[in-house]
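Visitor: I would like to see how this sequence folds:
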Amino acid sequence: MSEPAPSGGSQDQDFVRVVWEEARDLIKRLEGTTVQRFSVEAGGTRIEIERRPGTVVAPALASTATAVAPIGDGAAAADAADGRITVIAPLVGTFYRSPSPGAKVFVEEGDVVDAGQTVAIVEAMKLMNQVTAEQGGKVAEIVAKDGDWVEFEQVLMYLEPAEA
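Guide: Model (predicted):
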């Protein structure tokens, strides 16, 4: 893993993206182990991973990322199986539907979004991280509530595939 560039801007965002990819890899590597808490620090960046008993990683559809769901909660798996596209939290933090308090929300149920469009943000360590739609579609359901704490790869909303 490389150290962040001192100039800031896009290079810092690239560094953060690499750190989160590394964190995802670590989480996957810890599956099936008895490790419940892991922490690593490099330069000015610290990653802490804590697993709660009773959580599992649900299998993903080919076009979606995995989602964290409590054991015995078949609702998320059933919804994903209905062909909807999931929009997931890229990291642990606070979910916001708008860019600032009182501002217009990014999307409402029924809105049509394009691939790459910002649909929400997740705040982590005072940094606002954009949540984007990986595919275009119509917002079918917004699962997370504004201001809710969300977990890594938690389903935030569902999109219906765009009609051909």
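Visitor: for the record, mean pLDDT for stretch 114-129?
Guide: Averaging pLDDT along stretch 114-129 gives 91.
Visitor: which of the residues in it are buried?
Guide: Of the residues in stretch 114-129, 119-122, 124, 129 count as buried by neighbour count, 16 or more other C-beta atoms under 10 Å. All C-beta atoms are positioned from the backbone trio N, CA, C, and that covers glycine.
Visitor: And stretch 23-33, by the same measure?
Guide: 23-24, 27.
Visitor: want to throw these into CSV with distance to residue 94 and secondary structure?
Guide: As requested, these are exported to CSV (distance: C-beta to C-beta, whole Å; DSSP: H, G, I helix; E, B strand; the rest coil):
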residue, distance to residue 94, secondary structure
23, 18, helix
24, 20, helix
27, 20, helix
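Visitor: Nearest to residue 89 among those?
Guide: residue 24 (11.8 Å; C-beta to C-beta).
Visitor: ok, the closest one - contacts?
Guide: Residue 24 sits next to residue 152 when contact means C-beta atoms under 8 Å, 6 or more residues apart in numbering.
Visitor: re earlier: widest-spaced pair of the buried residues of stretch 114-129?
Guide: Maximum distance among the buried residues of stretch 114-129 (C-beta to C-beta): 16.9 Å, for 119 and 124.
Visitor: still on that earlier bit, make TSV out of the buried residues of stretch 114-129 and add secondary structure.
Guide: What follows is the buried residues of stretch 114-129, written out as TSV (DSSP: H, G, I helix; E, B strand; the rest coil):
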residue	secondary structure
119	strand
120	strand
121	strand
122	strand
124	strand
129	strand
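Visitor: and which of the residues you listed is nearest residue 17?
Guide: residue 129 (9.6 Å).
Visitor: wait, that closest one sits on residue 123?
Guide: Yes - using C-beta atoms under 8 Å, residue 129 is in contact with residue 123, at 7.3 Å.
Visitor: Now list whatever residues contact both of those two.
Guide: With C-beta under 8 Å, 6+ apart, residue 129 and residue 123 have common neighbours residue 93.
Visitor: which stretches of the protein have low pLDDT?
Guide: 1-10, 12-13, 31-33, 35-36, 42-43, 50-81, 164 (pLDDT under 70).
Visitor: residue boundaries of the helices in it?
Guide: For the chain, the helices defined by DSSP state H occupy 10-30, 74-81.
Visitor: Report the separation between residue 135 and residue 114.
Guide: Remark: distance between residue 135 and residue 114 (C-beta to C-beta, to the nearest Å) = 9 Å.
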